[in-house]
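Build me a model:
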Amino acid sequence: MLNGFFIAGFPGRTYMPRKGRRIEQAELCGHHRFYAEDYARAKKLGLLVARETAQWAAIERVPGQYDFGFVRRRIHSARAQGIQLIWTLLDGGWPADIDVMRPMFVQRFTAYARAFARLLRDQEVKQPIVVPVNEIGPLSRAGGELGHCFPFLEERGLELRCQLVRAAISAVDAMREILPEIRIMHVEPLVHVSAHPFHPEDADAADAMRREQYAVFDMLAGRSWPQLGGREHHLDLIGVSHYLGSQYYYAGPRYPGRMINPQAAEWRRFSDMLAELGRRYACPLVVAATGHDGAGRAAWLRYICREAQHAASHGTAVHGICIAPIVDCPKQAFELRNSHGLWGPADEQGERAVDMWLAKELREQQRTFERLQHERIEPAAAGAARTRLNRAFDA
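Numbers count the residues shown, from 1 in each chain. Reported below is the predicted structural model:
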């Protein structure tokens, strides 16, 4: 399914401010200019899978007309380096002439997804993996309930969530008509919410907020709101994003509370969270976005990798871990965290400084997972050989 276990997550979100021109993360971090150099750097460190975003607003400037030029160029450049791309179709913004709350939004997004699938087919992309809409839950909450980001709506979060889920389901069906072998990955945050030890009366409300993280997956699978068209086959690969701030205390129904300290009793092991998700949906799991800022970047990667190994040893397989962002990206005003990655900002020649501690930890984890993979394959191969030998003797 994936060319490698570790994935480079390149920034690609579209920010739509209340006033002024839209902001593309790929431009802010220089990836739109130096994608070829970035792919070469990724290959040098053994990162043979990358997450990319096809910015819908930049592709469909005229309704019904698609300019896939930059997508085509990145496909060719990644193929030359032997890198597999995971494409996201919608992450944060859409063409300015579309009203997300109208039925036409679903039709336009479906047509765009169908055209993208044709592009992948015509480019003969092997093992295509596509994320239709990235993190529907946070987008519908921040943009539909609280009015903090585009489309700047308030108290319409559920309505926006249903509309984005409906669009994702329609897009999946359309892409599978063009490319039956396409793999679909839906990405949502994996969080833990706990009552503060001083407020045990919040336990039920905290658990309800925690379980809300499954709402989008349940809609896609048709377990809730079946009128949206979701069925179990719409869940293929499940991707999760998880950061240090993904565990927090309950502080009311609207906003997250203070972050839970990893040393606190309320902290929950990431492997336990993965196991619960695996039992609930029985789909292949991918850590689709994770990382940390400052001096703790290497330690955080070590923690995530060890938890993934622990989950695998108890029957919950994780098929990949994506470091996101893989390159530094300037922070936007409404973001809660900085975006520091393995490589720093690009200079005029496309060179980026590397975080040596994180690079060293990444190489150590690559060796560990290669050894574990070898240990799993070797007994399986030996068992198959014994079976063939026994059959030969029986004959």
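
what's the burial count for residue 140?
When neighbours are counted by other Cβ atoms under 10 Å, residue 140 registers 24. Backbone N, C-alpha and C define where each C-beta goes, glycine included.

same check, this time on residue 121
Under the criterion other Cβ under 10 Å, the count of neighbours that residue 121 has is 15.

Now do the helix or strand encompassing it, average pLDDT.
Following DSSP states H and E, the helix or strand that holds residue 121 is helix 103-122. This predicted structure assigns helix 103-122 an average pLDDT of 97.

just how off-centre is that helix within its chain?
Its chain's C-alpha centre and that of helix 103-122 lie 20 Å apart, by Cα atoms, centre = their mean, to the nearest Å.

And stretch 122-131, by the same measure?
From the chain centre to the centre of stretch 122-131 is a distance of 17 Å (Cα atoms, centre = their mean).

Then stretch 142-161?
With Cα atoms, centre = their mean as the basis, stretch 142-161 stands 21 Å off its chain's centre.

Show the backbone phi and psi for residue 48.
Residue 48 adopts backbone torsions of phi -100, psi 10, taken as degrees, to the nearest 10.

Next up, the contacts around it.
3, 4, 42, 82, 83, 84 (Cβ atoms under 8 Å, 6 or more residues apart in numbering).

re the thing from before, after the helix holding residue 121, which helix or strand is next?
Defined by DSSP H and E, the subsequent element after helix 103-122 is strand 129-133.

In terms of secondary structure, what does the helix holding residue 121 contact?
For helix 103-122, the packing partners by 3 or more Cβ pairs under 8 Å, 6 or more residues apart in numbering; DSSP states H and E come out as helix 56-59, helix 69-81, strand 84-90, strand 129-133, helix 157-178.

Check which residues of that helix are buried.
Within helix 103-122, the residues scored as buried using 16 or more other Cβ atoms under 10 Å are 105-106, 108-117, 119-120.

Over to stretch 77-93?
77-79, 81, 83-93.

what's the farthest-apart pair in the residues you listed?
In terms of Cβ to Cβ, the buried residues of stretch 77-93 reach their longest pairwise distance at 81 and 93, which sit 28.3 Å apart.

any weak-confidence spans in the chain?
In the predicted model, the chain carries pLDDT under 70 at residues 332-339, 376-395.

Pick out the residue nearest the middle of it.
residue 288 (3.6 Å; Cα atoms, centre = their mean).

Turn the buried residues of helix 103-122 into JSON lines, columns for distance to residue 296.
Rendered in JSON lines, the data for the buried residues of helix 103-122 read as follows (distance: Cβ to Cβ, whole Å):
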{"residue": "105", "distance to residue 296": "40"}
{"residue": "106", "distance to residue 296": "42"}
{"residue": "108", "distance to residue 296": "42"}
{"residue": "109", "distance to residue 296": "38"}
{"residue": "110", "distance to residue 296": "42"}
{"residue": "111", "distance to residue 296": "44"}
{"residue": "112", "distance to residue 296": "39"}
{"residue": "113", "distance to residue 296": "38"}
{"residue": "114", "distance to residue 296": "43"}
{"residue": "115", "distance to residue 296": "42"}
{"residue": "116", "distance to residue 296": "37"}
{"residue": "117", "distance to residue 296": "40"}
{"residue": "119", "distance to residue 296": "40"}
{"residue": "120", "distance to residue 296": "37"}
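
since we're on residue 70, how many residues are nearby?
Once other Cβ under 10 Å is used to define contacts, residue 70 is seen to have 16 neighbours.

residues touching it, list them.
By Cβ under 8 Å, 6+ apart, the contact set of residue 70 is 32, 58.

try residue 288
Residue 288 makes contacts with 7, 9, 51, 131, 185, 187, 239, 240, 241, 320, 322, 324, as judged by Cβ under 8 Å, 6+ apart.

secondary structure class for the third one?
Spelled out, it's residue 51. Residue 51 falls in the strand class when you classify it by DSSP: H, G, I helix; E, B strand; the rest coil.

Distance check, it against residue 26.
Going from residue 51 to residue 26 by Cβ to Cβ, to the nearest Å gives 12 Å.

Which one's more surrounded, the two?
Neighbour totals were compared for residue 51 and residue 26, and residue 51 leads with 29 against 23 (other Cβ under 10 Å).

which residues does that one bridge with?
residue 9, residue 86 (DSSP bridges).

Which parts of the stretch 151-300 of the chain are helices?
Secondary structure of the stretch 151-300 of the chain, counting by DSSP state H, counting those that start in this stretch: helices at 157-178, 203-211, 215-220, 270-281, 297-313.

could those go into JSON lines alongside distance to residue 255?
As requested, the helices of the stretch 151-300 of the chain are arranged in JSON lines below (distance: least, Cβ to Cβ, whole Å):
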{"stretch": "helix 157-178", "distance to residue 255": "13"}
{"stretch": "helix 203-211", "distance to residue 255": "11"}
{"stretch": "helix 215-220", "distance to residue 255": "18"}
{"stretch": "helix 270-281", "distance to residue 255": "21"}
{"stretch": "helix 297-313", "distance to residue 255": "24"}
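
Which stretch among the ones you listed is buried most, on average?
With neighbours defined by mean count of other Cβ atoms under 10 Å, none of the helices of the stretch 151-300 of the chain is more surrounded on average than helix 215-220, at a mean of 23.

For it, name the packing helices and strands.
Applying 3+ Cβ pairs under 8 Å, 6+ apart, we find helix 215-220 packed against helix 136-140, helix 157-178, strand 183-189.

Could you dump these into TSV and include distance to residue 257?
Listed next are the helices and strands packed on helix 215-220 as TSV, based on distance: least, Cβ to Cβ, whole Å:
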stretch	distance to residue 257
helix 136-140	17
helix 157-178	19
strand 183-189	16
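
Surely residue 133 touches residue 92?
No - if you go by Cβ atoms under 8 Å, residue 133 and residue 92 don't touch, sitting 10.0 Å apart.

Now the common contact residues for those two.
Common neighbours of residue 133 and residue 92 are listed as residue 139 (criterion: Cβ under 8 Å, 6+ apart).

Not counting its own residues, what contacts stretch 133-143?
Taking Cβ under 8 Å, 6+ apart as the rule, stretch 133-143 contacts 13, 53, 88-92, 148-153, 157-158, 160-161, 164-165, 167-168, 171, 186-189, 212-213, 215-216, 241, 334.
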